[in-house]
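Participant: The following comprises the amino acid sequence and a computationally predicted model.
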Amino acid sequence: MAAPSPTRAAAAMYEQARADLDAFQAVGFGEDLRLRSPRIAGAALAVDQQLVHLLAYAC
């Protein structure tokens, strides 16, 4: 399988930035963030308004 092109990677990042975002109090520290759009689903953890972890899948 070939590596994604820079153009496809940029398009995925753009789609993540446009996704709807829901925020919930995390079980431990920070906020549990959920991203969704017609093309992306993902989750993230933010602590003190700093992104600690981001995971996103193309749908």
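Facilitator: Structure's in. What do you need?

Participant: how about the helices in this structure?
Facilitator: 6-18 (DSSP state H).

Participant: Going along the chain, name the strands of this structure.
Facilitator: Here the chain has its strands, by DSSP state E, at 20-25, 31-36, 40-47, 50-58.

Participant: lowest-pLDDT helix or strand in this protein?
Facilitator: helix 6-18 (a mean of 89; mean pLDDT, DSSP states H and E).

Participant: Now that helix: buried residues?
Facilitator: Ala12, Glu15, Gln16 (16 or more other CB atoms under 10 Å). Just so you know, the C-beta spots here come from the backbone N, C-alpha and C atoms, and that holds for glycine as well.

Participant: helices or strands up against it?
Facilitator: Contact analysis of helix 6-18 by 3 or more CB pairs under 8 Å, 6 or more residues apart in numbering; DSSP states H and E lists strand 40-47, strand 50-58 as its packing neighbours.

Participant: Kindly recompute the last result at 10 Å.
Facilitator: Helices and strands touching helix 6-18, by 3 or more CB pairs under 10 Å, 6 or more residues apart in numbering; DSSP states H and E, are strand 31-36, strand 40-47, strand 50-58.

Participant: possible to save the ones you listed as TSV with mean pLDDT?
Facilitator: Output for these, formatted as TSV (pLDDT from 0 to 100):
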stretch	mean pLDDT
strand 31-36	96
strand 40-47	96
strand 50-58	93
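
Participant: Tabulate these (JSON lines), appending distance to Leu21 and mean neighbour count.
Facilitator: Rendered in JSON lines, the data for these read as follows (distance: least, CB to CB, whole Å; neighbours: other CB atoms under 10 Å):
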{"stretch": "strand 31-36", "distance to Leu21": "6", "mean neighbour count": "16"}
{"stretch": "strand 40-47", "distance to Leu21": "9", "mean neighbour count": "17"}
{"stretch": "strand 50-58", "distance to Leu21": "12", "mean neighbour count": "12"}
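
Participant: For Ala2, which of those strands is the nearest?
Facilitator: Shortest distance between Ala2 and the helices and strands packed on helix 6-18, using CB to CB, is found for strand 50-58: 15.5 Å.
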